[in-house]
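Peer 1: Quick one, fold the following:
(chains A, B and C)
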Amino acid sequence: MPELPEVETIVQGLNRKLKNRKIVDLWTDWPKYFKLPKGEKNFRRCIIGKKIISVERRAKNVLIYLSDNYLMLVHQKMSGHLMVGHWQKIVSADNLPENWQGQKWRPVKFSGPFTDPMNRFIRLIFYLDDGRMLALSDLRRFAKVLCASKSIIFNLPEIKKLGPEPLDKNFTYKKFREPFFSKGGKIKQLLMDQTFISGIGNIYADEILWASKIHPLRTIASLKEENFRELYRTTQSILKKAVRLRGTSIDDYRDATGQKGDYGKMLLAYHHDGEPCKRCGAIIKRMKIGGRSAHFCPRCQKI
DNA sequence: ACAATATCCTGCGAGC
DNA sequence: TGCTCGCAGGATATTG
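Peer 2: Numbers count the residues shown, from 1 in each chain, chains lettered A, B, ... in the order given. A predicted model of the protein is given here:
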């Protein structure tokens, strides 16, 4: 679900709310979430009793720094949302809110945005020592949660391989341009390749390409220097603006407190197929590229 | 070696 | 109304 701006927004919220909290218990109805890297045997033991030092973002991963040099990594994948709320144990299921009726029983009352439909899909809960909880709502159950010592997590291949952060101060044009010399293929797929630049997914790839007037099927070899300049510029400006507006809530994305992001109304290509292009008036098209839908203007994004 | 496809899941809306 | 199909913001494994 969330891409860089959404994960960044969530992380900022979590960091404010979770700092110095101790994790006292956890509950899940989907133990498959837990992945233990080599050297760790027991997820519960990794987590319980640990204090949360800080929360940071790397690519689309949420990094929760714990005491004893431990680190919990959460990847929300397509439908995951981390949120913080108050909780109390529910003794009887009789007075569950309407949107929980008929759902699998959950051991808590989540009093954040209680009527938020996403609450139905809370599958994992970390209970905190201040009476609050960190919950993972995840309709499709794709999310992944890892816990291990810092060094083990940072040495995982999927973390080590990650490309540079596009909003990092050190992300110069040179750094952006360099990998294109050695890689081929189509521009859209490369923009979404996490080993190339980290944090860009389907929405922002489409927006960046529209803003740069580049067709998603353009090959790297066909791009001119001015195209790369434009891609570099729009990548940073679009992601920055999306972070400022707290992400895109087309469907179900929420920040850590259940609020929607405001970048949705800024979208100019993504989900605008069938509508006139805001720049030239041609009808925005949608096509499948590498199993994902791409939205683009067939007139001003020339192939 | 590369790229297209299947896979992990569930819910929703469209179309018949 | 009720069924089936396609679709969804990700990443990895498998196939061709």
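Peer 1: Could I get the average pLDDT for the longest helix along chain A?
Peer 2: Secondary structure of chain A read by DSSP state H shows that its longest helix is helix A:225-244. Regarding helix A:225-244, the rounded mean pLDDT is 97.
Peer 1: For chain A, which segments count as helices?
Peer 2: Counting by DSSP H, residue ranges of the helices within chain A are A:4-18, A:43-47, A:150-154, A:157-160, A:173-182, A:187-191, A:202-211, A:225-244.
Peer 1: And those helices: which comes nearest DNA strand B?
Peer 2: Checking these against DNA strand B by CB to the nearest atom of the strand gives helix A:187-191 as the closest, at 6.8 Å. (Glycine included, C-beta is placed from N, CA and C.)
Peer 1: can you pull the contacts of the residue of the stretch 151-300 of chain A found nearest DNA strand B?
Peer 2: Here the stretch 151-300 of chain A gets closest to DNA strand B at one residue, residue A:185, 3.2 Å apart by CB to the nearest atom of the strand. Contact partners of residue A:185, counting by CB atoms under 8 Å, 6 or more residues apart in numbering, are A:219-220.
Peer 1: how near is it to residue A:212?
Peer 2: Distance, residue A:185 to residue A:212, using CB to CB, to the nearest Å: 17 Å.
Peer 1: How about residue A:196?
Peer 2: Separation of residue A:196 from residue A:212 (CB to CB): 16 Å.
Peer 1: number of nearby residues for residue A:50?
Peer 2: Look at residue A:50: counted by other CB atoms under 10 Å, it has 21 neighbours.
Peer 1: before we move on, what about residue A:250?
Peer 2: By the criterion of other CB under 10 Å, residue A:250 has 14 neighbours.
Peer 1: Excluding residues flanking it in the chain, which one is nearest it?
Peer 2: residue A:264 (5.6 Å; CB to CB, 6 or more residues apart in numbering).
Peer 1: I'd assumed residue A:248 was in contact with that neighbour.
Peer 2: Yes - counting by CB atoms under 8 Å, residue A:264 touches residue A:248, with 4.9 Å between them.
Peer 1: Mind checking which of these two has more residues around it?
Peer 2: A count of neighbours by other CB under 10 Å puts residue A:248 above the other of residue A:264 and residue A:248, at 25 against 18.
Peer 1: pLDDT value on that one, please?
Peer 2: 90.
Peer 1: how near is it to residue A:204?
Peer 2: Distance, residue A:248 to residue A:204, using CB to CB: 8 Å.
Peer 1: ditto for residue A:148
Peer 2: 30 Å.
Peer 1: More neighbours: residue A:196 and residue A:212, which one.
Peer 2: With neighbours defined as other CB under 10 Å, residue A:196 and residue A:212 compare such that residue A:212 has more, 23 against 18.
Peer 1: For residue A:64, which non-adjacent residue is closest in space?
Peer 2: Counting by CB to CB, 6+ apart, residue A:72 is the residue found nearest to residue A:64 once chain neighbours are left out, at 4.2 Å.
Peer 1: What residues are bridge-paired with the one you found?
Peer 2: Bridge pairing for residue A:72 (DSSP bridges) gives the partners residue A:64, residue A:147.
Peer 1: Is residue A:40 in contact with residue A:153, as I believe?
Peer 2: No - using CB under 8 Å, residue A:40 makes no contact with residue A:153, being 10.0 Å away.
Peer 1: and residue A:120, how many neighbours?
Peer 2: Residues lying near residue A:120 (other CB under 10 Å) number 16.
Peer 1: er, residue A:8 actually
Peer 2: Counted with other CB under 10 Å, residues neighbouring residue A:8 total 22.
Peer 1: Show the backbone phi and psi for the residue nearest to residue A:272 when sequence neighbours are not counted.
Peer 2: The shortest distance from residue A:272 to any non-neighbouring residue, by CB to CB, 6+ apart, is to residue A:284 (4.7 Å). Main-chain torsions, residue A:284, degrees, to the nearest 10: phi -60, psi 130.
Peer 1: From what I see, residue A:284 and residue A:296 are in contact.
Peer 2: Yes - under the criterion of CB under 8 Å, residue A:284 makes contact with residue A:296 at 6.9 Å.
Peer 1: hey, what's in contact with both of those two?
Peer 2: Common neighbours of residue A:284 and residue A:296, using CB under 8 Å, 6+ apart, are residue A:269.
Peer 1: okay, the two: which has more neighbours?
Peer 2: Taking other CB under 10 Å, residue A:284 and residue A:296 do not tie; residue A:296 has more neighbours (27 against 23).
Peer 1: Quick check: the gap between that one and DNA strand C.
Peer 2: Computed as CB to the nearest atom of the strand, to the nearest Å, the residue A:296 to DNA strand C distance reads 13 Å.
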